Structure formats: C-alpha cells, structure tokens
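Q: mind folding the following:
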Amino acid sequence: MTVSGVTGRGTAGVNLPALRSHNAALVLDLLRGAGAEGISRLELAERTGLTPQAVSKITARLRQQGLAAEAGRRASTGGKPRTVLRLVPEAGHAVGVHVDRDELRLVVVDLNGTVTGERRGPLNLGAGAESVVATVACEVEGLVGEVLGGGAADAGAAAAEGTRPRPSDVRTLLGVGVALPGPLDHRRGVLHRVTGFPEWDGFPLREALARRLGVPVVVDKDTNAAALGLAVAGEGRSFACLHLGTGLGAGLVIGGSVHRGARTGAGEFGHQVIQLDGPLCGCGDRGCVEALCLAAVERGEIAEAARVLGAGAANLVGLLDIELVLLGGRTVAAAPEAFVTGVADVLAARARREGAPGDTVPVRIAPGGERGVAEGAAQLLLAPVFGRGDG
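A: From the prediction side, this is the model:
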C-alpha cells in the first residue's frame, strides 16, 4: 500500500449521539458553508428559523465539543460587534473505503470533506470474506494510525507495547464507510450475490468490520456512495452516476437524495437486459448492458461500448426523467471523451425522436476522479452529521 497526504492529528473529541440532533445538524451545515469567515448566531437563527436562545444553546454545546470556534467579530448595523463562529474541520474525521473486485482504496477526510490521507493497493475480492475483512481492517488501522494517531496517551501506550492505536482510540473518528459492488442490503450491511462472487451471499460485512475495528461502520454500494458524494458537493437534485469499471452500476439521486429503493437494491443498472438471448452475463442472465459493454471494451471497440452504455442511459432518462448523466469508473477514465460523446449522441437521438432536441440531457464526467467512490463512502458517515441524508 502507498500512503499520501498525511496531515497532523485532530484535537477535540466528538460526541456522536449529540450530532444526531436535527437542529444541531442544521447549524453545523451552515457553519460548514460559511467557511473560515464564519457566521453569527443571529444569522444562524434567521436562516434556520430557530429562536436566538435555541441557537445559543446549540452553539454553546458545539463549542464545548470542539466542533465550533470563534472566528472573530463582525461590525453590526447597531450595538456591539457580533461574534462569528466557524466549523472546526479537524474535530471530526471519517474513513472512506472503496472495495473493488481487484483493488482497495481508502481515504481519511475531515468534517469539510477534505482528504487528509489516502492509501491504495491490490485486492482479490474472491480470496474469501475473512481474508478480505482482515485486509480492509489492517489497512484502515494503518491509515488511521498514520494520519490521526490515537492521541498522545494512546500513542504512548501503543508504542510501549509495540503496537499501533486502534481506530476506536481516535476520539475524532466518526466511523468507517465501506463501498463495494452490489447487490447488498444497505440497512443491515449484508451482502447479496455479488456478480462473479457468489460466496459473499449473506455475509454480514458491517458487523464483521465493526467488530474488528471497534467503530461505527456503514456499508453501501459503490455507485450509491459515489452519488452521495456528488450530491453533497452540490452536483444536482436529479441525476444518475453511471460507474463503469470492472462492473457497471448506477447511483441515482432523486430530489437531492440517494434513491436506494424499498429493499435498498436500486441501481442494479448493469443487469438490465437490452438484447434477448444475448451473451451470457456473470449474473446468470443474457444480454445485460454490463456484459455487452464490457465485451466491447475487451475487443477494443470503445465507440460500441459507449453506444451500449448510452442505450442503458436512455432507458434511465425515459423512466426517471433525470436532469443529468455523470460517467465515472476506471474504464470510462481510460477513454473519457469517447464515452461522453457516445452516450451523449444516443441521448440526443432520443430527444430528436421525441421532438424535443433542445431538451437533451447533458452528459459529463463525474468529478472526483479515481477516489470519488472512496470519498463518497466517507460521506456515508459525514452526510448525516450535517443533515444531508441518512448515510
């Protein structure tokens, strides 16, 4: 594994249950949006609709927990200058883990979502659940130790024992978000029959990792994590993030929230059948978008792969009337212009057939690059803190 972007240790601890308060989340989100310049208590009251007394109590508690601090004073229209408050980004951190079929990538982010440390390396998802869990846990522990440490007392004790601090020793660590191929049960953190890896069916990944690490763990599909990260960054209120790497899936954001479906199984985009009696897919069906798209990539026919991906995207646009299509994943990253052009051409042709050529849904490369899924996985922990979804 390689490590990069390591920064100093965090400071104040975080009382996670207190962060679940809806009103506190509203205030924290406004503090984060205000940046280093800060925002006054009066402005917080005006923008949240809370009483000044309620805001004072919330901000006092946030300051006591180390989540907020004074950012100076600002002139007012009358009376004494107002004290402004800011978020303390280093007061909380989350680890985001992207478990791919053949690669592992981890990031540590602060409360602003800024990456403060990163690791990546090879992984064999078919090596067995226990082996993969052990690898993920070891790398999380290593990265947390490098970036955050465990506090002076914990670090000293660990050094004396010849070990490194556990993630649970780090008072600023909110938890670990893990994103990997689906299908899976997001609520229970249990995997289903991952395409090509049926041995994972029914494995309680969240429970296994939480037991190893001693911190809260949230598990979701890689596409949902990527979509959540983009939604938090303000990418749009209704879009699809199509992720083409070793597999193909979609993260759907509807009305500003990630759409997971009644059984948290939405987004299995790659296994829609578009060619009856087509080539066999790893899921056991025939003619799936994923099988056709990846087969074209393997043949070196990128334009054909983009056309197939566009056909699937057109189905989504017609079904959900989304505003934007974002493309991501390592296969797209290898030929971004070809995929954007190919998918956009299919959507434009669809718009012309409907007599609305001016309403073509735009297609862009998803921002975030190769670590977009890992950063989105970290948002599984951070977003609820700021009232931005259920994680």
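Q: for the rest of this, base every contact and every neighbour count on C-alpha atoms.
A: Will do.
Q: isn't residue 212 right up against residue 137?
A: Yes: applying Cα atoms under 8 Å, one finds residue 212 in contact with residue 137, separated by 6.7 Å.
Q: can you find the helix or strand in the chain with the smallest mean pLDDT?
A: Counting by mean pLDDT, DSSP states H and E, the weakest-scoring helix or strand in the chain turns out to be helix 151-161, with a mean of 41.
Q: where does the stretch 151-300 of the chain have low pLDDT?
A: Where the stretch 151-300 of the chain drops to pLDDT under 70, the residues are 151-165.
Q: pull out the buried residues from stretch 272-284.
A: By neighbour count, and taking 16 or more other Cα atoms under 10 Å as the criterion, the buried residues in stretch 272-284 are 273-274, 281-283.
Q: which residues does it contact?
A: Stretch 272-284 is touched from outside by 195-196, 271, 285-292, 312, with contacts defined as Cα atoms under 8 Å, 6 or more residues apart in numbering.
Q: the residue lying closest to residue 174 once chain neighbours are set aside bridge partners, please.
A: Counting by Cα to Cα, 6 or more residues apart in numbering, the nearest residue to residue 174 once its immediate chain neighbours are dropped is residue 94, at 5.5 Å. According to DSSP bridges, the partner residues bridging residue 94 are residue 109, residue 175.
Q: residue 329 against residue 243, yeah?
A: Yes: proximity of residue 329 to residue 243 meets the contact threshold set by Cα under 8 Å, at 4.9 Å.
Q: quick one, strands of the stretch 101-250 of the chain?
A: 103-110, 115-122, 173-180, 184-185, 190-191, 217-221, 238-244, 248-254 (DSSP state E, counting those that start in this stretch).
Q: wait, which of those strands is closest to residue 362?
A: Closest of these to residue 362 is strand 238-244, at 10.0 Å (criterion: Cα to Cα).
Q: now the angle from that closest one to strand 248-254?
A: Going by axes from the mean of the first three to the mean of the last three Cα atoms, to 10 degrees, strand 238-244 is angled at 170 degrees with respect to strand 248-254.
Q: tell me the strands beside strand 238-244, with direction?
A: When pairs are called by DSSP bridges, strand 238-244 turns out to pair with strand 248-254 (antiparallel), strand 324-328 (parallel).
Q: now tabulate those in CSV and tack on distance to residue 131 and mean neighbour count.
A: Supplementary listing: the strands paired with strand 238-244 in CSV, determined by distance: least, Cα to Cα, whole Å; neighbours: other Cα atoms under 10 Å:
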stretch, distance to residue 131, mean neighbour count
strand 248-254, 25, 25
strand 324-328, 28, 23
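Q: out of these, which is closest to residue 33?
A: For these, proximity to residue 33 was assessed by Cα to Cα; strand 248-254 is nearest, at 21.3 Å.
Q: how far off centre is the closest one?
A: In terms of Cα atoms, centre = their mean, to the nearest Å, the gap separating the centre of strand 248-254 from the centre of its chain is 12 Å.
Q: for residue 53, grab the count of nearby residues.
A: Residue crowding around residue 53 was assessed by other Cα atoms under 10 Å; the count is 11.
Q: let the chain start at 485 from now.
A: OK, 485 is where the count begins now, so the last one is residue 537.
Q: what strand or helix carries it?
A: Residue 537 is part of helix 536-548 when elements are defined by DSSP states H and E.
Q: from the chain's centroid, how far away is that helix?
A: Computed by Cα atoms, centre = their mean, the separation of helix 536-548 from the middle of its chain amounts to 29 Å.
Q: same for whichever helix or strand comes after that helix, what does it pack against?
A: Next helix or strand after helix 536-548 toward the C-terminus (DSSP H and E): strand 552-558. Using 3 or more Cα pairs under 8 Å, 6 or more residues apart in numbering; DSSP states H and E as the contact criterion, the elements in contact with strand 552-558 are helix 536-548, strand 566-571.
Q: now do 7 Å
A: For strand 552-558, the packing partners by 3 or more Cα pairs under 7 Å, 6 or more residues apart in numbering; DSSP states H and E come out as strand 566-571.
Q: residues in contact with the strand it packs on?
A: With contacts defined as Cα atoms under 7 Å, 6 or more residues apart in numbering, strand 566-571 is touched by 515-516, 519-520, 522-525, 551-560.
Q: helices of the stretch 635-784 of the chain, start to end?
A: Assigned by DSSP state H, counting those that start in this stretch, the helices in the stretch 635-784 of the chain fall at 635-645, 689-697, 706-716, 773-782.
Q: can you say which of those helices is packed in most?
A: Relative to the other members of these, helix 706-716 carries the highest mean neighbour count by mean count of other Cα atoms under 10 Å, namely a mean of 28.
Q: which residues sit against that one?
A: 663-665, 725, 727, 733-737, 740, 742, 856-857, 859-861, 863, 872.
Q: hmm, residue 734 and residue 753 touching each other?
A: Yes: under the criterion of Cα atoms under 7 Å, residue 753 makes contact with residue 734 at 5.4 Å.
Q: shared neighbours of these two, anything?
A: With Cα under 7 Å, 6+ apart as the test, residue 753 and residue 734 reach no residue in common.
Q: picking up where we left off before, got JSON lines for the buried residues of stretch 756-768, with distance to residue 655 too?
A: Below are these laid out as JSON lines (distance: Cα to Cα, whole Å):
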{"residue": "757", "distance to residue 655": "48"}
{"residue": "758", "distance to residue 655": "50"}
{"residue": "765", "distance to residue 655": "46"}
{"residue": "766", "distance to residue 655": "43"}
{"residue": "767", "distance to residue 655": "42"}
